[in-house]
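>>> Build me a structure from this.
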Amino acid sequence: MRLVMTLLIRNEIDIIADFLTYHLAQGVDFIVITDNGSTDGTLDVVARFVPTGRVCLLVEEDQDYRQYAWVTRMARLARDLLKADWIINSDADEFWHAAGGNLKQVLAQASADVLMVRRRNMIPPEEGSGRDVLVDGTLAVLAPVADRSRSKLIRTVSAKAVCRADGFVSIGQGNHEATYDRPVTQADEPRLTIYHYPIRTYAQFEAKVIQGGAAYARNTEFDRSVGGHWRRWYATWEAGGLRAAYDAIVLDPAARAAAVAEGILGDDDTLARHFRSRVRSRADAAPPEEARRMADLVSLDGPLPGDFDAGGYLRLHPDLADLFTLPWQGALHYLEHGRREGRIYPSARTRAQEKADQAGRIALAVDGLDGSGKSAVARHVAAALGATVLDPFAGRVGALMVHLARLGQHDRADAVAHDAVALALAEAPPGPVVFDRHWFTASQLLSKAYRAGWEPRPFSVMTWADRPATLARLAARGIDAAAEMPEDRIDTYRRLAAELDVPLLDTTFTTPEEAATRVLALMSLGTPS
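Model (predicted):
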């Protein structure tokens, strides 16, 4: 089943991000939005949701508030292009809540074609209290009255229609009714409630009155009874009396207490608990609705990669970093979209975990100065074991490590070395590997402080030859290394082998085959490095 929501907005900066995040976690698959002239930054917020693949943004420039026409257009788009089974046509101040599940689960059990859903007006916190309307607003109209002399906030409000897409033709002004090209059934849906926050602050109310009243004034299509309250409030604003009207609508403390005593108002913290949980979950834990959504996605497509770094995933992709901040949001986005889109992610594995994972594949690490026979020994041992020879520091990688070490940037040089080893393993064929240079090379190049980071060490040996043999072998390769191979440099490797407890093979008078045989013997004995 596919559930699509339509939304007509204008200047909803205070609530739009919460609206979208909430409903996308409540079972809504896609939201089609039409913006009708926002100037307060609302468009910028919505634009950040578009890359998620679940929000489509349209722009309507006409200013005559033909809401029914614009919503009908979105609903038909949902029906025809997005293949919706159900369509919810909402306003930004309406939060649709399903008891005992999410919206999609309730609609999947419905038998009627049009479901009428009651709205529950929420009373805003007192002006100047500093309290948030969604987090702290728990005073609700539980028993609305019909008396038109009372505040509009506590009077009976009409229900909203949820529409089955099959046969849908159009939606009426205000989203209260729908027309079809076939006979349809209609029923009340008590499992759904619309928590309605029409008035949140005086500034928001005044801006809404100005834009809504002016739009209806420009409309030549509607009878003046349509949008009557907006027209009246607009006239009140023009006369300078809107503030007094606002105070009467939201009820002062005494009027609120009286309405509570009458049973008209009461506490309903259903939505407040949800938004409080979002405030509390600043670390890894997803709120219940999002956690259920992630569990559903895992059951369909498999779990997150074992090394998935959710926070790093958000930071890696600027479009997501602009939109989300919490790790669970990164995990949810990857499960919903990132995996399908082929988005990359940073690994959350620590270096110690990476070393432990590598240890199972590394049969041997052979090290030594150029000309000592290490590469030939590595090849012979690998051939005997059926292993692959890897040379992670070849070419520019080794040159970069030397360059960084000479600059004293040992952190960067060490990171390059670790990454080179990891990349070599990742690109190698399956099975055991023999390294031609590994941890010992990094250890002799960098400060002793970095040696612990290469634990656990693989089984290691070091090849060594005296200076005449070393120079002769290099000369055979066409390298004149006399100046760069002084005796003390060659002897440094012998001293390091003893210091680091690595078996040393003197290859001065030994062939690579003989040296390889000795290495295999050491390995069979399990001689530690």
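
>>> Run through the helices of the stretch 401-529 of the chain in chain order.
410-427, 439-445, 467-476, 487-499, 512-525 (DSSP state H, counting those that start in this stretch).

>>> Alpha carbons of the last one, as PDB, please.
Looking back up the chat, that one is helix 512-525. What follows is helix 512-525, C-alpha atoms only, in PDB (Å, rounded to 0.1, in the frame of the first residue of the first chain):
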ATOM      1  CA  PRO A 512      66.000 -16.400  -1.800                       C
ATOM      2  CA  GLU A 513      64.800 -20.000  -2.000                       C
ATOM      3  CA  GLU A 514      67.000 -21.000   1.000                       C
ATOM      4  CA  ALA A 515      65.800 -18.000   3.000                       C
ATOM      5  CA  ALA A 516      62.200 -18.800   2.100                       C
ATOM      6  CA  THR A 517      62.700 -22.400   3.400                       C
ATOM      7  CA  ARG A 518      64.000 -21.000   6.700                       C
ATOM      8  CA  VAL A 519      61.000 -18.700   7.000                       C
ATOM      9  CA  LEU A 520      58.500 -21.600   6.400                       C
ATOM     10  CA  ALA A 521      60.300 -23.500   9.100                       C
ATOM     11  CA  LEU A 522      60.000 -20.600  11.500                       C
ATOM     12  CA  MET A 523      56.300 -20.400  10.700                       C
ATOM     13  CA  SER A 524      55.700 -24.100  11.300                       C
ATOM     14  CA  LEU A 525      57.300 -23.700  14.700                       C
END
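
>>> where does the stretch 301-450 of the chain have low pLDDT?
For the stretch 301-450 of the chain, applying pLDDT under 70 flags no range at all.

>>> actually the stretch 1-150 of the chain, sorry about that
64-65.

>>> longest strand in this protein, by residue count?
Criterion DSSP state E: the longest strand present in the chain is strand 186-196.

>>> what distance separates that strand from the centre of its chain?
31 Å (CA atoms, centre = their mean, to the nearest Å).

>>> Relative to Gly266, how far out is the residue positioned nearest the centre of the chain?
The chain has Gly330 as the residue nearest its centroid, 2.2 Å off, counting by CA atoms, centre = their mean. Relative to Gly266, Gly330 is positioned 39 Å away (CB to CB, to the nearest Å). In this view, the C-beta of every residue, glycine as well, is placed from N, C-alpha and C.

>>> picking that back up, nearest spatial neighbour of the residue nearest to the centre of the chain, skipping sequence neighbours?
Nearest residue to Gly330, sequence neighbours excluded (CB to CB, 6 or more residues apart in numbering): Ala310, at 3.6 Å.

>>> Hmm, Leu335 and that neighbour touching each other?
No. Using CB atoms under 8 Å, Ala310 is not in contact with Leu335, being 10.4 Å away.

>>> Give me the neighbour count for Val59.
Using other CB atoms under 10 Å, the number of residues around Val59 comes to 11.

>>> the helices in the stretch 151-300 of the chain, which residues?
Going by DSSP H, counting those that start in this stretch, the stretch 151-300 of the chain shows helices at 202-218, 228-238, 242-250, 253-262, 270-280, 288-301.

>>> closest one to Ser129 among these?
helix 253-262 (10.9 Å; CB to CB).

>>> could you say what helices and strands that closest one packs with?
Using 3 or more CB pairs under 8 Å, 6 or more residues apart in numbering; DSSP states H and E, the elements in contact with helix 253-262 are strand 265-267.

>>> Give me the spatial nearest neighbour of Thr185, chain neighbours excluded.
Ala112 (4.4 Å).

>>> Contacts only, for Arg518.
505, 510 (CB atoms under 8 Å, 6 or more residues apart in numbering).

>>> quick revisit: quick check: the residue nearest to the centre of the chain touching Leu320?
Yes. Contact criterion CB under 8 Å: Gly330 and Leu320 qualify, at 7.0 Å.

>>> any common contacting residues for these two?
The contact sets of Gly330 and Leu320 overlap at 313-314 (CB under 8 Å, 6+ apart).

>>> Met74 belongs to a helix?
Yes. Counting by DSSP: H, G, I helix; E, B strand; the rest coil, Met74 is found in a helix.

>>> OK, contacts around it?
Contacts of Met74 by CB under 8 Å, 6+ apart are 6-8, 32-34, 58, 89.

>>> what's the answer for Leu323, then?
48-49, 51-52.

>>> before we move on, what about Phe324?
Phe324 neighbours (CB under 8 Å, 6+ apart): 314, 330, 333.

>>> What distance do you get for it to Ile123?
31 Å.

>>> Isn't Glu189 up against Ser111?
No. Judged on CB under 8 Å, Glu189 makes no contact with Ser111 at a distance of 10.6 Å.

>>> Those two - which one has more neighbours?
Neighbours were counted for Glu189 and for Ser111 using other CB under 10 Å; Glu189 has more, 19 against 7.

>>> What score does that one have for pLDDT?
Note on Glu189: pLDDT of 96.

>>> from here on, count from 54
Will do, 54 is the new start, and the previous item becomes Glu242.

>>> Can you tell me the closest non-neighbouring residue to it?
Counting by CB to CB, 6+ apart, Glu242 lies nearest to Leu168, which is 4.0 Å off, once chain neighbours are set aside.

>>> Leu73 belongs to a strand?
No. Applying three-state DSSP, one finds Leu73 to be helix, outside a strand.

>>> Export stretch 452-461 to PDB, keeping only CA atoms.
The C-alpha trace of stretch 452-461 is given here as PDB (Å, rounded to 0.1, in the frame of the first residue of the first chain):
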ATOM      1  CA  ALA A 452      57.100   8.600  -1.100                       C
ATOM      2  CA  LEU A 453      54.200  10.300   0.600                       C
ATOM      3  CA  MET A 454      55.000   8.600   3.900                       C
ATOM      4  CA  VAL A 455      58.600   9.600   3.700                       C
ATOM      5  CA  HIS A 456      57.700  13.200   2.900                       C
ATOM      6  CA  LEU A 457      55.200  13.500   5.800                       C
ATOM      7  CA  ALA A 458      57.700  11.900   8.200                       C
ATOM      8  CA  ARG A 459      60.400  14.400   7.200                       C
ATOM      9  CA  LEU A 460      57.900  17.200   7.800                       C
ATOM     10  CA  GLY A 461      57.300  15.800  11.300                       C
END
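
>>> re earlier: would you mind giving the secondary structure of the residue nearest to Thr238?
Per three-state DSSP, Ala165 ends up coil.

>>> now swap in Leu168 and tell me
Assignment for Leu168 (three-state DSSP): strand.

>>> Likewise for the one 5 residues further on?
Put simply, Arg173 is strand when judged by three-state DSSP.

>>> That one pairs with what?
Beta bridges link Arg173 to Tyr248 when assigned by DSSP bridges.

>>> For it, give me its contacts.
193-195, 246-249, 321.

>>> Quick one: the residues you listed as JSON lines, columns for distance to Ala308 and neighbour count too.
Output for the contacts of Arg173, formatted as JSON lines (distance: CB to CB, whole Å; neighbours: other CB atoms under 10 Å):
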{"residue": "Ala193", "distance to Ala308": "15", "neighbour count": "21"}
{"residue": "Val194", "distance to Ala308": "13", "neighbour count": "23"}
{"residue": "Leu195", "distance to Ala308": "16", "neighbour count": "16"}
{"residue": "Thr246", "distance to Ala308": "24", "neighbour count": "20"}
{"residue": "Ile247", "distance to Ala308": "24", "neighbour count": "21"}
{"residue": "Tyr248", "distance to Ala308": "21", "neighbour count": "22"}
{"residue": "His249", "distance to Ala308": "19", "neighbour count": "20"}
{"residue": "Asp321", "distance to Ala308": "19", "neighbour count": "18"}
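
>>> now for those residues, which pair is the farthest apart?
Most distant of the contacts of Arg173, by CB to CB, are Leu195 and Ile247, 14.3 Å apart.
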